[in-house]
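[1] Below: sequence and its predicted model.
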Amino acid sequence: MNVLLPIRILLFYLLLSFTAFAWCLVSLVFAPFMSFRTRYRFVVQTWCRSAVWLAQTIVGLRYEVSGAENIPEKPCVILSKHQSTWETFFLSAYFEPLSQVLKRELLNVPFFGWAIRLLKPIAIDRENPKEALRQVAKQGLERLEQGAWVLIFPEGTRVPVGQVGKFSRSGAALAVNAKLPILPVAHNAGTFWPKSGWGKRPGTIQVVIGPAMHAESEGPRAAAELNQRAEDWINGTVADLESKV
C-alpha cells in the first residue's frame, strides 16, 4: 500500500480535476434553470459526495461522524475547524443547502468559480476586514432567512495540525443577530490530508458535531462570549482527537 500510495494520490487528483471540470461545464448549462435548493443538490452536493468517495476509495480516507443528533432542525451558523480541503467537500455535502464564506478570488477561477457564483456564496475581500464583517452580517442573515446553513471557518484559512488560529467573531455575531445558535464542528482531517503539499495518509477522519450553542444575551458582548465558547470547544475537541491518532 505504501509503495502504491503516491500512484493512488496522483490518480485521485487526476480524477478529481477531471470530474470537477466536467461537472462545472454540465452545471453551467443546466443549473441556472433550477431552484436554489435543487441547484445546490445538483452542483455541490453531488460533486462533493463524489470527491469524498474518491478520497475514500482511492486514497483510503475514510471518516466517522459523531454528534449528528446535535444538528438543529432549522439551519443555523456552522463554525468549523479548517485544516485541509477535505472538510470543505464533506461539510458542503453533509449540510444542504449551504452558503459558505470564502475569499472573493475563488469566483474568478475559470469554470470552478463560475459555477460557485450560482450558489449564493458569501465572497469576501480579505484585504478589507471591516467590509467583510459587514458583508457576512448582511448576506449571512439573508441566507439564513432563505433557509440555508451558513458555514464559516472562523480561523479564516487552513491551519496546520497542532496550531491554532485566531477566531473571527463574525460567525458568532451573525448567530446573535439572527437569534440562532452556533453549531460547532471539530475534526482531525489535517492529520490525513495536510494543508501543504499533495501527500495524503490513509486512515479514518473523525468528525465531531458539537451541541448547538446559544447566546445568553444580545449585543457585542454576547457575541464575544459565544465565540469564545465555540472556540474553546472546537480547539479542545480537536486537541483530543489529535492526541488519539
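    Structure's in. What do you need? Residues are numbered from 1 along each chain as shown.
[2] any chance you could map the strands in this protein?
    For the chain, applying DSSP state E gives strands covering 61-66, 77-80, 98-103, 122-124, 149-152, 182-187, 203-209.
[3] Quick check: mean pLDDT of the third one?
    Meaning strand 98-103. What strand 98-103 shows for mean pLDDT is 89.
[4] hang on, the earlier thing: please produce CSV containing the strands of the chain, extended by distance to residue 6 and mean neighbour count.
    In this view, the C-beta of every residue, glycine as well, is placed from N, C-alpha and C. Supplementary listing: the strands of the chain in CSV, determined by distance: least, Cβ to Cβ, whole Å; neighbours: other Cβ atoms under 10 Å:
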stretch, distance to residue 6, mean neighbour count
strand 61-66, 15, 15
strand 77-80, 29, 27
strand 98-103, 30, 21
strand 122-124, 35, 21
strand 149-152, 32, 25
strand 182-187, 25, 26
strand 203-209, 16, 20
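[5] Dump those to JSON lines, plus distance to residue 37.
    Shown next, in JSON lines, are those (distance: least, Cβ to Cβ, whole Å):
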{"stretch": "strand 61-66", "distance to residue 37": "22"}
{"stretch": "strand 77-80", "distance to residue 37": "17"}
{"stretch": "strand 98-103", "distance to residue 37": "11"}
{"stretch": "strand 122-124", "distance to residue 37": "18"}
{"stretch": "strand 149-152", "distance to residue 37": "12"}
{"stretch": "strand 182-187", "distance to residue 37": "19"}
{"stretch": "strand 203-209", "distance to residue 37": "22"}
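[6] With respect to residue 89, which of the ones you listed lies nearest?
    Residue 89 lies closest, by Cβ to Cβ, to one member of the strands of the chain: strand 61-66, at 10.3 Å.
[7] residues making contact with that closest one?
    Strand 61-66 is contacted from outside by 52, 55-56, 86, 90, 94, 192-193, 200, 202-209, using Cβ atoms under 8 Å, 6 or more residues apart in numbering.
[8] same check, this time on stretch 235-245
    The set of residues external to stretch 235-245 that reach it, using Cβ under 8 Å, 6+ apart, is 81, 161-162, 164, 184, 186-188, 191, 203, 206, 208, 210.
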